[in-house]
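Colleague: Got a predicted structure plus its sequence, pasted below:
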Amino acid sequence: MLHSDPLRAKTLGADLRAIRKARGVTLTDLAERLGRSVGWLSQVERDLSDPSVDDLRKISAALDVPISMLFSHAAAPAGEEGYVVRKHARRSIGNREAGLVEELLSPDLTNDFEVVHSTFEPRSKAKEAIARSTQEVGYLVSGMLDIWIAGRKFTIHPGDSFRIKGEMHRWSNPYDEPAVAIWVIAPPVY
């Protein structure tokens, strides 16, 4: 479908392109994984063609993103799309690991960074440590959070911030209250 509004913000196609590039996957590679043509995928990324629900399932699996992220493109009020994300319109992102809820605060994934709202439920923890080729800064809004960065443990309190530069890291919230953090991640990984 061709969108005639020249002021229309970036949409599903632009986000798919950003995710694909962040994963280091070429159009050709993704098209092969999907069993589709490069031309079709290019049209989807330019919002000239709408993928089916089955296509979105295959794309989400191939790019390792939750399918809910691809479905939750709620239209913003006139004049706000691409600029404002209302609380009720945030997109769920991440792998929905038990105890962690992540929502995209950025309008889309087309910038050099993304901003994420994370809620770490009480008595939850990461299954394993991870490392990403990103730079991340987190700011704890409420609760407390234990975080291990490059093997060092830190207990983070409200108002504290921290940085992760590609190091192995993991988290735990052994406390009785949810911990809420805001993250800035570059480049976008979701």
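Modeller: Arrived safely.
Colleague: for stretch 126-143, what is the average pLDDT?
Modeller: For stretch 126-143, mean pLDDT is 94.
Colleague: Test my guess that residue 66 contacts residue 102.
Modeller: No - using C-beta atoms under 8 Å as the test, residue 66 is too far from residue 102 to be in contact (9.5 Å). All C-beta spots, glycine's among them, are computed from the backbone N, C-alpha and C.
Colleague: Name the residue in those two with the higher neighbour count.
Modeller: residue 102 (23 against 17; other C-beta atoms under 10 Å).
Colleague: ok, the more buried one - contacts?
Modeller: 92, 93, 94, 116, 117, 118, 119, 190 (C-beta atoms under 8 Å, 6 or more residues apart in numbering).
Colleague: and if you look at residue 25?
Modeller: 62, 63.
Colleague: related to what we said a few turns ago, farthest-apart pair in the contacts of residue 102, please.
Modeller: Spatially, the most separated pair among those is 119 and 190, at 15.7 Å (C-beta to C-beta).
Colleague: Compare the two and say which one has the larger neighbour count.
Modeller: When residue 119 and residue 190 are compared on other C-beta under 10 Å, the one with more neighbours turns out to be residue 190, at 23 against 18.
Colleague: For that one, give me its contacts.
Modeller: Contacts of residue 190 by C-beta under 8 Å, 6+ apart are 19, 65, 69, 93, 94, 102, 104, 109, 114, 116.
Colleague: who does residue 103 bridge with?
Modeller: Taking DSSP bridges as the rule, residue 103 bridges to residue 92, residue 117.
Colleague: excluding its backbone neighbours, what's nearest residue 125?
Modeller: residue 172 (3.8 Å; C-beta to C-beta, 6 or more residues apart in numbering).
Colleague: Could you do residue 144 as well?
Modeller: residue 175 (5.0 Å).
Colleague: Relative to residue 149, how far out is the closest residue to residue 123 other than its chain neighbours?
Modeller: Nearest non-adjacent residue to residue 123, counting by C-beta to C-beta, 6+ apart: residue 174, 6.4 Å away. Using C-beta to C-beta, to the nearest Å, one gets 17 Å for the distance from residue 174 to residue 149.
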